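> My questions are about this predicted structure, shown below with the sequence.
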Amino acid sequence: MKENDGTVERLAALARISVAPERASAFGKEFSSILTYIGQLDELTLPNQGAPEAPLHHNAFRDDGEAYIPGTWTETLVRAFPFKRGSTLQVKKIITHD
């Protein structure tokens, strides 16, 4: 990434953020060093570990194949749900923007 080639400005526009022109050059240098560092992964040689193992997870509701008829479990799940507001099910808030 060359300095002042407009790449930083284009990335900022895509991310919908504003970057002051005097900071664009500094960001360009930082991006270049980050890309150089990540580029080292191309030089990494991993040992061949053979065929991948079967996944540890499985579908607990059904075997792969035909799906259940829609609505089969709806009433059971709604009855078991602890919090409801009208016809919607509520979950505890786990993400905040503070």
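Noted; the coordinates are in hand. None of the values given here were measured: they were computed from a predicted structure. Residues are numbered from 1 along each chain as shown.
> Please count neighbours and contacts with C-alpha atoms only from this point.
Noted.
> so where's the longest helix in the chain?
helix 21-39 (DSSP state H).
> Next SSE downstream of the helix or strand bottoming out on mean pLDDT in the chain?
Of all helical and strand segments in the chain, the minimum by mean pLDDT, DSSP states H and E falls on strand 84-85, at a mean of 83. Sequence-wise, the next helix or strand downstream of strand 84-85 (DSSP states H and E) is strand 88-89.
> what are the pairing partners of that next one, and which direction each?
Strand 88-89 has the following strand partners under DSSP bridges: strand 84-85 (antiparallel).
> Check the offset of the partner strand from the chain's centre.
29 Å (C-alpha atoms, centre = their mean, to the nearest Å).
> Now for Leu11, how many residues are close by?
The tally of other residues near Leu11 (other C-alpha atoms under 10 Å) stands at 13.
> now do Ser87
For Ser87, using other C-alpha under 10 Å, the count is 7.
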